[in-house]
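Engineer: based on what follows, work out the 3D shape:
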Amino acid sequence: MRNLDEHTITQAVLTRNANTEDARLREIMTSLVQHLHAFARETRLTEEEWEKGIEFLTAVGHICTPTRQEFILLSDTLGLSTLVTAQNHKKPEGCTEATVFGPFHVQGAPQYDLGADVSEGLPGTPWFVRGQVRDIDGNPVPNAILEVWQADDAGFYDVQKPELGQGDYQGRAVLQADGEGRYHFKTITPECYPIPHDGPVGNMLKALDRHPWRPAHLHFMITSPDHERLVTHVFRENGEYLDSDAVFGVRSSLIADWVQHEPGIDPYGQPIDGPYFTLDFDFILNPRSR
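Structural biologist: Residues are numbered from 1 along each chain as shown. From the prediction side, this is the model:
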């Protein structure tokens, strides 16, 4: 095809892509091309703006490392992650809601027994977390696997700390619920934190007059052979940024009371000489068959 112009280029690209045998790929690429071209037409995109966009995406790619995924941050801050999560995790009423995965999950987190201290020496206020995993009918989900990960009380995840060596984990664990679906562990209370904003996504937020902060939360990923995987957070009631989460991840049903206690005896029956917190939170999984 020759002599293409702004009126004929879109159909030319669609025709060129039409020969793929992958029907889903063809559907996605057709929609992508149509929307990208419509965006350029609607905004009357200039060459200088197009170049800036290419430079921005290039910078996003350059800053990515095995421990920093800037494209996930970009997706999160544009609301795309929440949109895709909401589309793909529609559940019956009563199930625990899913929310964004985030960029700080890692494979190969250490396994701990129930009741263990998963903070691995993090300084902070002790926090005792417990609950039960059940199905939509109220039945316990025995032996469910829970992965948990969190920021510390300064707002940093272990993968953001250059002083930690490979395989050194803090505030990150894999636990197995008991035969009644119950789980419990000890850690420290995480605090609000800004998403990494020293790169192109941070520059974008600054240009848009947006802050980079996330409310305090604890990540969970829960799996069981007969149930849908659940990726979610538990947020602190009355915490900061619940209504302005930089990545749009807050759900009212995921906000819980982190109860403060005075020094005395902790939930494991041990003396404790400072204040501590407890969290009781049950998770309701959706069976795969529904």
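Engineer: flag every buried residue along stretch 148-157.
Structural biologist: Going by neighbour count (16 or more other Cβ atoms under 10 Å), the buried part of stretch 148-157 is Val148, Trp149, Gln150, Ala151, Asp152, Asp153, Gly155, Phe156, Tyr157. C-beta: built from backbone N, CA, C; applies to glycine.
Engineer: next step: those residues restricted to helices.
Structural biologist: Judged by DSSP state H, the buried residues of stretch 148-157 include no members of helices.
Engineer: mind putting those into TSV with pLDDT and distance to His37?
Structural biologist: Shown next, in TSV, are the buried residues of stretch 148-157 (pLDDT from 0 to 100; distance: Cβ to Cβ, whole Å):
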residue	pLDDT	distance to His37
Val148	97	44
Trp149	96	40
Gln150	95	43
Ala151	92	41
Asp152	91	46
Asp153	89	48
Gly155	88	41
Phe156	88	42
Tyr157	89	39
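Engineer: just put those residues in JSON lines and tack on distance to Leu254.
Structural biologist: Output for the buried residues of stretch 148-157, formatted as JSON lines (distance: Cβ to Cβ, whole Å):
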{"residue": "Val148", "distance to Leu254": "14"}
{"residue": "Trp149", "distance to Leu254": "16"}
{"residue": "Gln150", "distance to Leu254": "14"}
{"residue": "Ala151", "distance to Leu254": "16"}
{"residue": "Asp152", "distance to Leu254": "21"}
{"residue": "Asp153", "distance to Leu254": "21"}
{"residue": "Gly155", "distance to Leu254": "19"}
{"residue": "Phe156", "distance to Leu254": "22"}
{"residue": "Tyr157", "distance to Leu254": "19"}
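Engineer: closest to Tyr183 out of those?
Structural biologist: Val148 (9.2 Å; Cβ to Cβ).
Engineer: quick one: the helices in the stretch 101-250 of the chain, in order.
Structural biologist: 200-207 (DSSP state H, counting those that start in this stretch).
Engineer: tell me where the model's unsure across it.
Structural biologist: 165 (pLDDT under 70).
Engineer: please repeat the previous calculation with a cut-off of 90.
Structural biologist: 102-108, 120-123, 153-170 (pLDDT under 90).
Engineer: if I look at the residue nearest to Thr99 when sequence neighbours are not counted, how far off is Arg26?
Structural biologist: Nearest residue to Thr99, sequence neighbours excluded (Cβ to Cβ, 6 or more residues apart in numbering): Gly249, at 4.5 Å. The span separating Gly249 from Arg26 equals 32 Å under the rule Cβ to Cβ, to the nearest Å.
Engineer: neighbour-wise, which of these two wins?
Structural biologist: Gly249 (23 against 15; other Cβ atoms under 10 Å).
Engineer: which residues touch the closest residue in space to Gly274 that isn't next to it in sequence?
Structural biologist: Nearest residue to Gly274, sequence neighbours excluded (Cβ to Cβ, 6+ apart): Pro263, at 5.5 Å. Residues near Pro263 by Cβ atoms under 8 Å, 6 or more residues apart in numbering: Ile272, Asp273, Gly274, Pro275, Tyr276.
Engineer: if you set the cut-off to 7 Å instead, what comes out?
Structural biologist: Going by Cβ atoms under 7 Å, 6 or more residues apart in numbering, Pro263 touches Ile272, Asp273, Gly274, Pro275.
Engineer: distance of the residue nearest to the second one when sequence neighbours are not counted from Glu191?
Structural biologist: The spatial neighbour of Asp273 that comes closest, neighbours along the chain excluded (Cβ to Cβ, 6+ apart), is Pro263 at 5.3 Å. Taken as Cβ to Cβ, the spacing of Pro263 relative to Glu191 amounts to 21 Å.
Engineer: again with Leu45
Structural biologist: 41 Å.
Engineer: show me which of these two is the more surrounded one.
Structural biologist: Set side by side, Leu45 and Glu191 show more neighbours around Glu191, with 20 against 13, by other Cβ under 10 Å.
Engineer: re the thing from before, could you report the separation of the residue nearest to Asp273 from Pro190?
Structural biologist: Distance, Pro263 to Pro190, using Cβ to Cβ: 21 Å.
Engineer: pull the longest helix from the chain.
Structural biologist: Per DSSP H, the chain has its longest helix at helix 23-43.
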